[in-house]
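Colleague: give me the fold of what follows.
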Amino acid sequence: MAVVQDYPVTLEEIDALARRADTVIQRLRDRVFSPGTQKTLGLRFSVKNASDMVGRTEKAIRDAEADGRLPEPEKDPATGRRTGYRLEDVNRMREVFGTLPRRGPEDPATVLAVQNFKGGVGKSTVLVHLAQYLALQGYRVCVIDCDSQGSTTSIFGLNPDVDVDED
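Modeller: Predicted coordinates:
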């Protein structure tokens with residue numbers, strides 16, 4: 001019968017491993033996420049895309065910019081051409097034109113759940129894409145990640161083990 005040696009791991013060794021793992025995670029976050037370790041939407045929408053999203057013509061948008069209801073779009077200093085609209089700009093257009101999705105003051109929030117008891121079936125992927133789609137449509141979205149692995153939380157740029165605590 002073989003004798004099995006017990007090699008205990010000390011708390012100091014575990015602490016050193018945790019610090020090294022945190023360093024690796026931080027380096028990954030610095031490469032993957034924007035400064036400040038927050039994801040940002042880097043998309044820019046053309047006036048054609050914005051008009052489709054807002055539900056108004058390109059001319060209506062340009063007229064609103066000309067008469068001051070909308071701010072002038074950002075322009076590239078080198079070329080003088082429009083750099084495109086950010087999502088915040090598109091939502092401002094929706095406010096001006098009255099096309100921002102609205103609920104009545106007494107209407108409850110819509111609650112959607114993406115669930116399945118089997119792992120690895122794409123729940124987090126479906127949820128993130130759905131949330132991003134609804135946000136692009138002008139809806140306010142709140143995502144609550146109930147999965148103990150925290151995959152969705154990670155996709156949105158937070159490390160559940162480091163950035164989220166019991167409070």
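
Colleague: my guess is Phe45 meets Met93, correct?
Modeller: No - in this structure, Phe45 is not within contact of Met93 by Cβ atoms under 8 Å, at 10.0 Å. (Glycine included, C-beta is placed from N, CA and C.)

Colleague: settle it for me: which of these two has more neighbours?
Modeller: In terms of neighbours (other Cβ atoms under 10 Å), Met93 is the more surrounded of Phe45 and Met93; the figures are 25 against 18.

Colleague: find the residues that touch each one of Phe45 and Met93.
Modeller: Residues within reach of Phe45 and of Met93 at once, by Cβ atoms under 8 Å, 6 or more residues apart in numbering, are Tyr85.

Colleague: this protein - how does it break down into domains?
Modeller: For the chain, automatic domain parsing gives the domain ranges 47-97, 104-167.

Colleague: for the first one, how far is the first residue from the last?
Modeller: In other words, domain 47-97. Its first and final residues considered, domain 47-97 spans 15 Å by Cα to Cα, to the nearest Å.

Colleague: and the longest one, by the same measure?
Modeller: Using Cα to Cα, the span of domain 104-167 from its first residue to its last is 32 Å.

Colleague: before we move on, the earlier item: looking at the domains of the chain, spot the one closest to Val9.
Modeller: Between Val9 and the domains of the chain, the shortest separation by Cβ to Cβ is 19.0 Å, and it involves domain 104-167.

Colleague: just to revisit the earlier point, deepest in the core, which of the domains of the chain is it.
Modeller: Using mean count of other Cβ atoms under 10 Å, the stretch among the domains of the chain with the largest mean neighbour count is domain 47-97, at a mean of 15.

Colleague: quick one: that one to chain centroid distance?
Modeller: Relative to the mean C-alpha coordinate of its chain, domain 47-97 is positioned 22 Å out (Cα atoms, centre = their mean, to the nearest Å).

Colleague: now do it, average pLDDT.
Modeller: Domain 47-97 carries an average pLDDT of 93.

Colleague: average pLDDT across stretch 122-138?
Modeller: Model confidence over stretch 122-138, given as mean pLDDT, is 92.

Colleague: residues contacting that stretch, please?
Modeller: Residues from elsewhere that reach stretch 122-138 (Cβ under 8 Å, 6+ apart): 53, 87, 90-91, 94, 99-101, 112, 114-116, 141, 143, 147, 151-152, 155-156.
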